[in-house]
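J.: Make a model of this:
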Amino acid sequence: MAIAQCPASCGELIQGWIQGSEKLISCPVGLYSTVEVKAGKPANNERPLTRAMVNQLLTLWDFPPEWSSQLRINLHSPIPVAKGMASSTADIAATAVAMARYFDKSIGEQELARLCVNLEPTDSTPFHHLTLFDHNEGSAQTVGIRQPRLDILVLESPDTLQTADYHRLDRHSALLASAPQLTLAWQKARQACETGSAVLLGEAATLSAIASQAILPKPGFRRVLDIVEHYSLYGVSIAHSGSVMGLMLDNAQHDVDAVVAELEKGEGNVLWPQKYLLPMVEGGVR
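T.: Numbers count the residues shown, from 1 in each chain. Next up, the predicted model:
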């Protein structure tokens with residue numbers, strides 16, 4: 001038996017047209033998909049992508065394909081599905097590493113990311129450090145090693161959107177139009193991870209979130225920006241291909257209860273029926 005865990009992401013810190021293609025930096029948070037690989041019959045209700053990763057690795061390692069029917073994948077994940085919280089990436093990345101541990105193999109971060117991209121557009125949560133990632137092609141660039149310490153107040157919308165549906169949107173013109181803002185966001189993200197500045201990282205995320213409104217607008221977004229300004233929060237991280245948003249703050253410094261009370265006024269509980277605080281964590285599969 002072998003076990004691995006991969007964190008969720010509260011959307012992306014930035015996502016858009018950067019250095020010639022659409023790229024992203026995920027926002028890893030303390031919510032994990034846990035995968036256990038052991039000998040046994042496959043479960044009837046397993047997620048198809050986890051089995052696809054198993055089969056991909058058996059082929060890569062030149063193992064008999066019939067071994068797939070002798071491996072059981074047990075998955076436990078509290079990560080919301082189809083909200084933009086990287087649930088699929090967490091599932092398949094954890095499956096890959098659990099498989100590697102089960103068969104006494106090793107998988108580096110870059111190889112792991114490419115294996116995930118082979119199955120679907122992928123988040124950068126498999127990387128230990130914050131990483132600028134081409135989620136379609138698999139190229140990666142470390143942003144910096146001083147990840148700022150902060151918390152995320154997750155605003156979970158009832159709306160869902162499959163990643164594949166987002167990628168079918170006609171968004172190329174909007175991506176190109178927002179490229180200058182994303183270049184600035186990328187510069188601020190690098191500075192943030194060189195200095196450990198949560199303020200700069202919040203500014204980067206907010207720039208990207210504003211630009212994303214032209215592609216996939218979020219209900220209540222202007223209200224969220226007003227709350228960020230009123231309570232001097234660091235910024236807002238959104239799911240560019242989903243519905244979730246996250247207020248970037250310091251639980252020890254900012255009045256989270258007051259922020260939540262403000263969010264619950266009016267139609268706030270309709271827009272975001274689930275609100276919960278998570279730490280921003282380092283990425284990588286445990």
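J.: Could you use CA atoms for every contact and neighbour count after this?
T.: OK.
J.: which residue sits closest to residue 133, ignoring its sequence neighbours?
T.: residue 140 (4.5 Å; C-alpha to C-alpha, 6 or more residues apart in numbering).
J.: any idea how far residue 11 is from that neighbour?
T.: Counting by C-alpha to C-alpha, to the nearest Å, the gap from residue 140 to residue 11 is 18 Å.
J.: So those two - more neighbours on which side?
T.: The residue with more neighbours, out of residue 140 and residue 11, is residue 11; 31 against 20, by other C-alpha atoms under 10 Å.
J.: Going by secondary structure, the more buried one is in what exactly?
T.: Assigned by DSSP states H and E, residue 11 falls within strand 2-18.
J.: burial measure for residue 47, as a count.
T.: Residue 47 has 15 neighbours, counted by other C-alpha under 10 Å.
J.: That should have said residue 221, apologies.
T.: Using other C-alpha under 10 Å, residue 221 has 16 neighbouring residues.
J.: ok, which stretches of the stretch 51-200 of the chain are helices?
T.: For the stretch 51-200 of the chain, the helices defined by DSSP state H, counting those that start in this stretch occupy 87-102, 109-117, 163-167, 172-177, 179-195, 198-212.
J.: residue ranges with poor pLDDT in this structure?
T.: Applying pLDDT under 70 to the chain flags residues 164-165, 167.
J.: got a list of what the nearest residue to residue 21 once chain neighbours are set aside touches?
T.: Using C-alpha to C-alpha, 6+ apart and skipping the chain neighbours, the partner closest in space to residue 21 is residue 134 (7.4 Å). When contacts are counted by C-alpha atoms under 8 Å, 6 or more residues apart in numbering, residue 134 touches 21, 22, 23, 24, 140.
J.: got a list of what the last one touches?
T.: Yep, that's residue 140 we're talking about. Contact partners of residue 140, counting by C-alpha under 8 Å, 6+ apart, are 110, 131, 132, 133, 134.
J.: Got a quick PyMOL command for the buried subset of the contacts of residue 134?
T.: For the buried members of those, the matching PyMOL selection, counting by 16 or more other C-alpha atoms under 10 Å, is:
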select buried, resi 21+22+23+24+140
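J.: Quickly note the distance from the residue nearest to residue 21 to residue 114.
T.: According to C-alpha to C-alpha, residue 134 and residue 114 sit 10 Å apart.
J.: hang on, residue 284 packs against residue 131?
T.: No - the pair residue 284 / residue 131 is not scored as a contact, 10.7 Å apart, by C-alpha atoms under 8 Å.
J.: And the two? Which one has more around it.
T.: residue 131 (25 against 20).
J.: Excluding residues flanking it in the chain, which one is nearest that one?
T.: Take residue 131 and drop its neighbours on the chain: the residue closest to it by C-alpha to C-alpha, 6+ apart is residue 142, 4.4 Å away.
J.: same thing with residue 187?
T.: With sequence-adjacent residues excluded and distances taken as C-alpha to C-alpha, 6+ apart, residue 187 is closest to residue 204, at 8.0 Å.
J.: and the angle for the strand holding residue 11 with helix 198-212?
T.: Using axes from the mean of the first three to the mean of the last three C-alpha atoms, to 10 degrees, the direction of strand 2-18 lies 70 degrees away from that of helix 198-212.
J.: helices or strands up against strand 2-18?
T.: strand 21-39, helix 87-102, helix 172-177, helix 179-195, helix 198-212, strand 235-238, strand 245-249 (3 or more C-alpha pairs under 8 Å, 6 or more residues apart in numbering; DSSP states H and E).
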